[in-house]
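Chemist: For reference, the sequence and a predicted model appear below.
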Amino acid sequence: MSRDPSTATLACPPRPLYFAPKPDACELCAGRDDRRISNCLECAKAVCVLAGRHLARLSVAAALLLSSVVFVPAQESPSDSKSRDGTKPDVVAGPALLIRIFKEESQLELWMQSAETLQLLATYPICFWSGNLGPKLFEGDHQAPEGFYAIGLHQFVLSGKHARSIDIGFPNAFDRSLGRTGSHILLHGGCRSIGCFAMTDPVMDRIYVLAEQALRAGQEQIQVHIFPFRMTDANLQRHSKSSWYTFWSNLKHGYDAVEATRTEA
């Protein structure tokens, strides 16, 4: 298509795959690619259903907008909630955090402030996520988002099916500018998900406590950077035929900034 790339309508990528685990599904799942879950440990095979197609518009100049978040209202403070064993954890102030998520590798990185720079504290396997590589477009598409998000204390979920989870703040300002819709996209435990990022319960408990400590120590918001894959030059080139290549090229700037400076982008 010969039109200006900032206004061109992109070719339709496949609509996301929906992964539905069997009732006895996983305690730990890792090693998926962008079309199916594979190499699951202690995990039943996922059921994949391919549906429809969609169109999207990209605004290159806006791709790195960091979010003005959508908050999930809470009626009590996060420190009032109990851990999964029924005990109430002691909450103390802690260092600032950064969370990075890589969908293709099914990994979550937790970075912690040390002196003037961020240090990688831990890398956790993501137990389960749904959809395909590419951003979330609309409510009900069973797609996990990609982009730059932020979380505050208001976004801690204290009760319900996913107690002790965190809303990542989708849609952010950039998503809304493109008409993308959705709500309650969580980082949660339970190892099952439709549109969210599911961790094992012990890992989620640790993330929850460290995030609360950081925010109570004065960190205004915790940045959450969600990428389709590790944004190396080689990986980006491997996906150069994707309809999301331009969008991903812009996300790479945020990835590279953290890699180079070890500070929040």
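Modeler: Here it is on my side, so go on.
Chemist: show me where the stretch 51-200 of the chain has strands.
Modeler: 97-102, 107-114, 117-125, 128-129, 147-151, 156-157, 165-167, 186-188, 197-198 (DSSP state E, counting those that start in this stretch).
Chemist: Between the ones you listed, which one is closest to Phe227.
Modeler: strand 97-102 (5.4 Å; Cβ to Cβ). Where you see a C-beta, it was placed from the backbone N, CA and C, and this is true even at glycine.
Chemist: check contacts around Pro145.
Modeler: When contacts are counted by Cβ atoms under 8 Å, 6 or more residues apart in numbering, Pro145 is found next to Pro135, Lys136, Ile168, Phe170, Pro171, Asp175, Gly182, Ile185, Ile226.
Chemist: Closest one to Thr200 out of those residues, please.
Modeler: Closest to Thr200, out of all of the contacts of Pro145 and judged by Cβ to Cβ, is Ile168, at 18.1 Å.
Chemist: How many neighbouring residues does the closest one have?
Modeler: Neighbour count of Ile168, defined by other Cβ atoms under 10 Å: 27.
Chemist: Run a quick neighbour tally on the residue lying closest to it once chain neighbours are set aside.
Modeler: Distances taken as Cβ to Cβ, 6 or more residues apart in numbering place Tyr149 nearest to Ile168, at 4.7 Å, with adjacent residues excluded. Neighbour count for Tyr149, taken as other Cβ under 10 Å: 29.
Chemist: try the one 5 residues further on
Modeler: As a burial measure, His154 scores 15 neighbours (other Cβ under 10 Å).
Chemist: Equivalent analysis for Ser183, please.
Modeler: 11.
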